[in-house]
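1. sharing a model prediction with you, sequence too.
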Amino acid sequence: MDLKSFIEPIVALAEDAGHAILEVYSTDFEVQSKVDESPLTQADLASNHRIVAGLRHLTPDLPIISEESGLPDFEERRHWDRYWLIDPLDGTKEFVNRNGEFTVNIALIVNNRPVFGVVHVPVQNKTYVGCEGVGAELRDADRPPRPIQVVAKSREPVRVVGSRSHRGASLDAYLAALGPHDMVPMGSSLKFCVVAEGDADLYPRLGPTSEWDTAAAQAVVEQAGGSVVTLDGKSMAYNAKADILNPHFFVIGASDRDWLALLGDSE
């Protein structure tokens, strides 16, 4: 499979989905609640429709998992060695709050790993791409794509990004153990992308996420030279269990410190 050949069509597909989202964003849209009480808007559904249709046209033989299309039974999907994993609108709470911090996430999973990912930021007209064998790049509006990479050495104070909507006592305890730091709250998979382009050193996630929230952005971070690891230091895997919830994890840009070692100091 030539992953590089996916870059242009998937970027175009993510941007098209972004246009559909912005059409709703500019209106007085309604907000529904899903079974888990998370918000759902017409933008989620419009984006999902365009992405799923585009992927089925591009790769008719590859399965698709989308947050808005339901989760196939594990007995079926456990046999998949490659599939698309998408979040048509990551950060619906940010969308509803109209702060612009929401994204379109499209990832290709091969053997439980995200090897290709596109994260599009509709309000900023920016698109991040991570492609195994190619690297990571940022496409900012109409400017030519530019390579991005994580920082090699952390700053003083440490630059940390964290969830705008989910912040708990465990994160506060970790930040206390971390020492001097600048904490920037942010929504959606943008937090990964800020690490990937070197504007933050670390993103500790000590709260709930699902696999479609993280896959595309994990590909971007890893292809930019960073890592996404669970609290035991292992790379985060996909489609390896019946549920689609992620364990807690760290997105690491600067690798000059043992960030996970501080977990013991925060307990």
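-> Arrived safely. Please read these numbers as outputs of a predicted model, since none were measured by experiment. Numbers count the residues shown, from 1 in each chain.
2. need the contact list for the nearest residue to A196 once chain neighbours are set aside.
-> Once flanking residues are discounted, A196 sits nearest to A224: 4.0 Å by CB to CB, 6 or more residues apart in numbering. For every residue, glycine as well, the C-beta is placed using N, CA and C. Shown in contact with A224 (CB atoms under 8 Å, 6 or more residues apart in numbering): 130, 135-136, 148-150, 196-197.
3. 6 Å instead, please
-> Contact analysis of A224 by CB atoms under 6 Å, 6 or more residues apart in numbering lists 136, 148-150, 196.
4. cool, W80 as well?
-> Contact analysis of W80 by CB under 6 Å, 6+ apart lists P63.
5. now E101: how far from D36?
-> Distance of E101 to D36, given as CB to CB, to the nearest Å: 21 Å.
6. flag every buried residue along the helix or strand of the chain with the lowest mean pLDDT.
-> Every helix and strand in the chain was compared by mean pLDDT, DSSP states H and E; the lowest is strand 39-41, with a mean of 84. Using 16 or more other CB atoms under 10 Å as the test for burial, strand 39-41 gives 40-41.
7. now the following helix or strand past that strand, how far from the centre of its chain.
-> Once strand 39-41 ends, the next helix or strand along the chain (criterion: DSSP states H and E) is helix 42-58. Offset of helix 42-58 from its chain centre (CA atoms, centre = their mean, to the nearest Å): 17 Å.
8. in helix 42-58, what's buried?
-> Buried residues in helix 42-58, counted by 16+ other CB under 10 Å: 42-52, 54-55.
9. tell me what that helix is packed against?
-> If you count contacts as 3 or more CB pairs under 6 Å, 6 or more residues apart in numbering; DSSP states H and E, helix 42-58 packs onto helix 7-25, strand 64-66, strand 82-90.
10. just to revisit the earlier point, out of E101 and D36, which sits in the busier spot?
-> More neighbours surround E101 than the other of E101 and D36, with 23 against 5 (other CB atoms under 10 Å).
11. OK, contacts around the nearest residue to the more buried one once chain neighbours are set aside?
-> Spatial nearest neighbour of E101, excluding adjacent residues (CB to CB, 6+ apart): G187 at 3.5 Å. Contacts for G187 (CB under 6 Å, 6+ apart) come out as 91, 94, 101, 164.
12. many thanks, I have nothing further to ask.
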